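any chance you could fold what I've pasted below:
(one chain, ligands or ions: 1)
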Amino acid sequence: MPWVPRGLRDGIITTRYPGRPDSYGGDFRAAIDVIANPVSTNGRATHDLDIERMCPTGAITVEAGDLRVDRGRCIVCGRCVAERPELFAFNPDIEVAALERATLVVPTRDCDVDDGTLEQARADLAARVRALRRSVHIRHVDAGSDGGEEWEIAALTNPVYDVQRLGVFFTASPRHADLLLVTGAGTVGMAGPLRRTWEAMPAPKIVIAAGSDAITGGLIHPSYPTGGGVGGLLPVDVWVPGSPPSPLSLLHAILVGVGLLAPRGSP
Ligand code: SF4
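Numbers count the residues shown, from 1 in each chain. Next up, the predicted model:
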């Protein structure tokens, strides 16, 4: 029985998150941060269009020297970090899930999101999830994914992440589900099945858009098979960027969805 000495040697490998952070959490490419504006970098001449064209998904915008990244569009390819490390960096924090789509654009400005709207979203979610804090069942729907998110979702049930320890379970039936975890660009062919799955779930129900494809359509938007994410098909409660989001980022989004953790940017 080789697993006995191996178990004694390795000890407990299951993450303690969210109780305490893991040392390897910062190794994931969770998102991109803007660390400087082009006009302030060593007096170097910068052409705004060159910076914008560098991004394959149009996630980077520069308006009057004000550089911003839309994490909902970003596929975390790392090209901007490799080519302009004085402007961009990988964000070391895995907690990137947000309640408002507008707050995925960084740096987020006060005018991007109305405090009242955000408070309303939080209060609405809190009222719905009060009954779900001890146990939550998730129905996952692939609405046109490339498969990347599915690998990370499958990892949630392995011994390292072990979501069952937190009372989180996956279910095959939408009628048993409290939370709908949607991946993929929201293809035209999946619009009907996705809507029927949501309608079959009992209230209260929470929807998470997982990954940049689910938020905006990713690399294949705009194109004939997708309307650009699932936000136009369902009322999304939690947005988690990444391509794909890591298991820890997904876990954070699930715990935000059931009201056990705060979303990104919360005091
Ligand atoms: S990581 Fe890639 S997709 Fe994301 S902003 Fe940079 S260049 Fe664009």
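
rest of the way, CA atoms for contacts and neighbours
Noted.

residues in contact with residue 163?
156, 157, 169, 251 (CA atoms under 8 Å, 6 or more residues apart in numbering).

I'd guessed residue 121 sits against residue 99; true?
Yes - here residue 121 reaches residue 99: they are 7.0 Å apart, a contact under CA atoms under 8 Å.

okay, and which of the contacts of residue 163 map to helices?
Among the contacts of residue 163, the members found in helices (DSSP state H) are residue 251.

would TSV of the contacts of residue 163 with distance to residue 175 be doable?
As requested, those are exported to TSV (distance: CA to CA, whole Å):
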residue	distance to residue 175
156	22
157	21
169	14
251	22
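
closest to the ligand out of the contacts of residue 163?
residue 251 (21.7 Å; CA to the nearest ligand atom).

what about the closest one, neighbour count?
23 (other CA atoms under 10 Å).

also residue 93?
Residue 93: 16 neighbours (other CA under 10 Å).

off-centre distance for the helix or strand that contains residue 153?
Using DSSP states H and E, residue 153 falls within helix 148-155. How far helix 148-155 lies from its chain's middle: 13 Å, per CA atoms, centre = their mean, to the nearest Å.

quick one: mean pLDDT over that helix.
The pLDDT scores in helix 148-155 average 96.

buried residues in that helix?
Residues of helix 148-155 classed as buried by neighbour count (16 or more other CA atoms under 10 Å): 149, 150, 152, 153, 155.

how about stretch 176-190?
Those would be 176-187, 190, for stretch 176-190 by 16+ other CA under 10 Å.

closest to the ligand among these?
The nearest one, if we look at the buried residues of stretch 176-190 relative to the ligand and count by CA to the nearest ligand atom, is residue 185, at 15.6 Å.

comparing residue 121 and residue 99, which shows the higher neighbour count?
Neighbours were counted for residue 121 and for residue 99 using other CA under 10 Å; residue 99 has more, 25 against 15.

and this protein, what are its domains?
Domain assignment for the chain by automatic domain parsing gives 31-91, 110-257.

pLDDT-wise, which helix or strand of the protein ranks last?
The least trusted helix or strand in the chain, going by mean pLDDT, DSSP states H and E, turns out to be helix 115-129, with a mean of 75.

need the next SSE after that helix, C-terminal direction.
Going down the chain from helix 115-129, the next helix or strand is strand 136-142, by DSSP H and E.

alpha carbons of that next one, as CSV, please.
Output of strand 136-142 as CSV, limited to C-alpha atoms (Å, rounded to 0.1, in the frame of the first residue of the first chain):
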residue,chain,number,x,y,z
VAL,A,136,-24.8,25.1,-2.3
HIS,A,137,-25.3,23.0,-5.4
ILE,A,138,-23.9,24.1,-8.8
ARG,A,139,-25.0,23.3,-12.3
HIS,A,140,-22.3,24.0,-14.8
VAL,A,141,-23.2,24.8,-18.4
ASP,A,142,-20.7,25.0,-21.2
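
thinking again about what came up before, what is in contact with residue 121 and residue 99 at once?
residue 237.

need the residues that contact the least confident helix or strand of the chain.
Contacts of helix 115-129 (CA under 8 Å, 6+ apart): 99, 100, 204, 205, 237, 257, 258, 259.

where are the low-confidence patches of the protein?
Per-residue confidence for the chain (pLDDT under 70) gives these ranges: 39-48, 110-111, 131, 133, 265-267.

where along this structure do the helices fall?
Counting by DSSP H, the helices of the chain are 3-10, 48-53, 79-83, 115-129, 148-155, 188-200, 212-216, 247-257.

return the residues of the chain in contact with the ligand.
Applying CA under 6 Å from any ligand atom, we find that the chain lies next to the ligand at 54-57, 59-60, 69, 74-80.

need phi/psi at the residue nearest to residue 215 when sequence neighbours are not counted.
The shortest distance from residue 215 to any non-neighbouring residue, by CA to CA, 6 or more residues apart in numbering, is to residue 229 (4.6 Å). Backbone torsions for residue 229, taken as degrees, to the nearest 10, come to phi 90, psi 180.

I'm done for today, thanks for sticking with me.
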